[in-house]
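Build me a model:
(one chain, ligands or ions: 2)
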Amino acid sequence: MTTAVDLVNSIRFEGASIVAYPDGLHPIGKGRSAAVFKLSGEEKVVKVFYPEFHNLAVQEAEIYKELDNDVYYPKLYEVGEGYLILEYLDGITFYDCLIEGVEITREMVEVVDEALNYARTKGLNPSDTHLQNVMLLKNGEVRVIDVVRFRQTKECSHWEDLKTAYDTIYCNSYFPKKVPAWIVETVIRLYRKGIIKFNKGK
Ligand SMILES: Nc1ncnc2c1ncn2[C@@H]1O[C@H](COP(=O)(O)OP(=O)(O)OP(=O)(O)O)[C@@H](O)[C@H]1O
Ligand SMILES: [Mg+2]
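Numbering: from 1, shown residues only. Ligands and ions are numbered 1, 2, ... in the order given. Alright, predicted model coming up:
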């Protein structure tokens, strides 16, 4: 029987590029530290960290164990050398919502707030909560994914800044609810460089 370790060991990366992967895996997402594949015939994904980020798997698994919650976060099934097996979330990220024109409602934003407050009750410091780290499921539920930076001590204003942008720009009746990817990408790039800011009254 092919195990998760066999599948993960068959993936070939060149830096952050996937150059080969086995039949039992389907690429569904990529981030700055890992690639995510759905396991064939299972409601599970494997998050495989790029070679230089291997050590993050154990760190993220520890945080998922501490959270111990599958209402706001995906379930953690397994952790191995450089990978995590997580519950497959059948949905799209808030980033995709923006590009596909799926409305991001205030209720969805509030669920993310609840999820992050829940993490704070566990002594964590929710960080790096951006548009691609929050998902709207097909059943309307919302999940926060990618908790790897929830133990950092440095304050991260990404989510608060996004909420400011939501209140001041997105909720404006003139703002189109579907935005071309290149515009979203440009805004993200300028925000990351500090050229545009969304922080309230600062
Ligand atoms: N459990 C899941 N179910 C479905 N899709 C997922 C799941 N986890 C991650 N994804 C998809 O894979 C993408 C990358 O995953 P993730 O955010 O965990 O990677 P990362 O490298 O840690 O990201 P970042 O760049 O934010 O650090 C997500 O944006 C999402 O589209
Ligand atoms: Mg991510």
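
Before we move on, what's the pLDDT of the residue sitting nearest the centre point of the chain?
The centroid of the chain falls nearest to residue 133 when counting by C-alpha atoms, centre = their mean (2.3 Å). Listed pLDDT for residue 133 reads 98.

Quick check: phi and psi on it?
Per-residue torsions, residue 133: phi -110, psi 10 (degrees, to the nearest 10).

who touches it in this structure?
Residue 133 makes contact with 93, 144-146 under the criterion C-beta atoms under 8 Å, 6 or more residues apart in numbering. Heads up, the C-betas are built off the backbone N, CA and C, glycines and all.

Repeat that for residue 141.
Per C-beta under 8 Å, 6+ apart, neighbours of residue 141: residue 111.

can you pull the contacts of residue 109?
163, 166.

Quick check: it vs residue 159, distance?
Distance, residue 109 to residue 159, using C-beta to C-beta, to the nearest Å: 9 Å.

again, but for residue 53
22 Å.

Please apply the same query to residue 41.
The separation that residue 41 has from residue 159, given C-beta to C-beta, amounts to 35 Å.

More neighbours: which of these two?
residue 159 (20 against 7; other C-beta atoms under 10 Å).

Double-check that that one belongs to a strand.
No. According to DSSP: H, G, I helix; E, B strand; the rest coil, residue 159 belongs to no strand; its state is helix.

if we can go back for a sec, how about a markdown table for the contacts of residue 133, with distance to ligand 1, secondary structure and neighbour count added?
Listed next are these as a markdown table, based on distance: C-beta to the nearest ligand atom, whole Å; DSSP: H, G, I helix; E, B strand; the rest coil; neighbours: other C-beta atoms under 10 Å:
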| residue | distance to ligand 1 | secondary structure | neighbour count |
| --- | --- | --- | --- |
| 93 | 5 | strand | 19 |
| 144 | 10 | strand | 24 |
| 145 | 4 | coil | 21 |
| 146 | 3 | coil | 23 |
